[in-house]
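J.: everything below, folded, please.
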Amino acid sequence: MVMPTLVFVCGALPESSGKTTVARALISELVKKGFLALPFKPLSSHSFWWRHETYLTCLERGSLFSYDIFEIAKEFKVGIPVEVLNPIDILLSPLVLSISSVGGLEEYPHIRLFDNLAMSRFTYVDDDIKHVYCYRDLEQTRQLLEKVADKAEQVVEVKSVQDFLKLQRKFYLKSIETCFKQVEKDADFIIIEGYGDLVYPWKKVEESKLILVAAPGYLLVYETTKFFKAIKQVSRPPLARFAEISRLVKPIVVEKLPPLTEPELKQPILSYRYSSAIKAVLDVLDQVR
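T.: You can find the predicted model right below:
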């Protein structure tokens, strides 16, 4: 089996860096060139309250997933289930009480999400595709919980950070690794999208041919070996954030990105507005493949 070319897209900021827009534009250009380019987002989260349409789409489909990945999969007619393209998704509903401030609980970079956790899905592939849901007994989770229960391999109520950590230890890597194996079977390219400004979702990203960092107004391109060497100098890789390593490694390409309105995020306008940056990425990619 010929292994696909991996490109890792991460964010310079914790929120609204533009990762998904860059990933979508790159996938679009690769598809135009005749390649099978697939998205893969190991971990995502979204709020019950903000962009509520995401929750409503999840409710309609009886699942929990990133709306961004759902849209990309639909746009490019990807036949793989969205839950496999997005193995872990977390529904947030902000709470007043902060729990994860207790010392020693940052075993996983997203553990602070427990403060606002309403529900989470872990999807892994065994003989078939299996879903594990964990939830907190909140009013916001009950309707969706009824919908997902019949399809789930397991449904677990979490009452403490320790409960959540136990599930993370058991299913975090299992979900990402087994789903990725399904995605890589036939793909020419896999565009892996990170979570927030975290730069190391799991070890496989070290095999990426290029690292792209999205920032408001800019796209930064990094050489893989130097990027991950910098990560290991400053932090345990799963905890590393872009701000920590940016002073240690220089981009090999810096491209300006224009601001986009909501309608411009759709094709073909997106490809046109991002054409210069994506061409620069593809030129470098041709050299390193």
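
J.: contacts for stretch 19-38 next, please.
T.: 4, 7, 9-11, 39, 68, 72, 75-76, 78, 80, 85, 183, 186-191, 193-194, 212, 214, 219, 257, 260, 265, 267, 270-271, 274, 277-278, 281-282 (Cβ atoms under 8 Å, 6 or more residues apart in numbering). C-beta coordinates here come from the backbone N, C-alpha and C atoms, glycine included.

J.: at 7 Å what do you get?
T.: By Cβ atoms under 7 Å, 6 or more residues apart in numbering, the surrounding residues in contact with stretch 19-38 are 7, 9-11, 39, 68, 72, 76, 78, 183, 186-191, 193-194, 212, 214, 219, 260, 265, 267, 270-271, 274, 278, 281-282.

J.: just the pLDDT at residue 238, thanks.
T.: Looking at residue 238, its pLDDT reads 85.

J.: now the one 5 residues further on
T.: Looking at residue 243, its pLDDT reads 94.

J.: name the element it belongs to?
T.: helix 242-245 (DSSP states H and E).

J.: now for that helix, which elements pack on it?
T.: helix 224-234 (3 or more Cβ pairs under 7 Å, 6 or more residues apart in numbering; DSSP states H and E).

J.: dump the helix it packs on to PDB, keeping only the CA atoms.
T.: Output of helix 224-234 as PDB, limited to C-alpha atoms (Å, rounded to 0.1, in the frame of the first residue of the first chain):
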ATOM      1  CA  THR A 224       8.800  19.200   9.800                       C
ATOM      2  CA  THR A 225      12.000  18.000  11.400                       C
ATOM      3  CA  LYS A 226      12.900  21.400  12.800                       C
ATOM      4  CA  PHE A 227       9.300  22.100  14.000                       C
ATOM      5  CA  PHE A 228       9.100  18.900  16.100                       C
ATOM      6  CA  LYS A 229      12.600  19.400  17.400                       C
ATOM      7  CA  ALA A 230      11.500  22.700  18.700                       C
ATOM      8  CA  ILE A 231       8.400  21.100  20.300                       C
ATOM      9  CA  LYS A 232      10.500  18.600  22.200                       C
ATOM     10  CA  GLN A 233      12.800  21.400  23.500                       C
ATOM     11  CA  VAL A 234      10.100  23.300  25.300                       C
END
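
J.: list the buried residues of that helix.
T.: For helix 224-234, a neighbour-count test (16 or more other Cβ atoms under 10 Å) marks 224, 226, 227, 228, 230, 231 as buried.

J.: distance of the closest residue to residue 240 other than its chain neighbours relative to residue 14?
T.: Among residues not flanking residue 240 along the chain, residue 231 sits closest, at 4.6 Å (Cβ to Cβ, 6 or more residues apart in numbering). Using Cβ to Cβ, to the nearest Å, residue 231 is found at 17 Å from residue 14.

J.: all strands for the stretch 1-150 of the chain, in order.
T.: In the stretch 1-150 of the chain, the strands defined using DSSP state E, counting those that start in this stretch lie at 5-11, 37-40, 43-47, 88-92, 117-125, 129-135.

J.: pick the most deeply packed of these.
T.: Among the strands of the stretch 1-150 of the chain, strand 37-40 has the highest mean neighbour count (mean count of other Cβ atoms under 10 Å), at a mean of 26.

J.: mean confidence for that one?
T.: Mean predicted lDDT for strand 37-40 stands at 98.

J.: stretch 50-67 now?
T.: 94.

J.: end to end, how far does it reach?
T.: Distance between the two ends of stretch 50-67: 12 Å, counting by Cα to Cα, to the nearest Å.

J.: give me the contacts around it.
T.: By Cβ under 7 Å, 6+ apart, stretch 50-67 touches 41, 44, 46, 48, 70, 82-83, 86, 89, 91, 119, 121, 143-144, 147-148, 151.

J.: okay, and for the stretch 51-200 of the chain, where does confidence drop off?
T.: Applying pLDDT under 70 to the stretch 51-200 of the chain flags residues 95-113.

J.: related to what we said a few turns ago, the residue nearest to residue 240 touches residue 203, doesn't it?
T.: No - here residue 231 lies out of contact with residue 203, judged by Cβ atoms under 7 Å, at a distance of 11.5 Å.

J.: ok, now how distant is the closest residue to residue 80 other than its chain neighbours from residue 124?
T.: Leaving aside its sequence neighbours, residue 80 sits nearest to residue 183 (Cβ to Cβ, 6+ apart; 6.2 Å). To residue 124, residue 183 is 13 Å away according to Cβ to Cβ.
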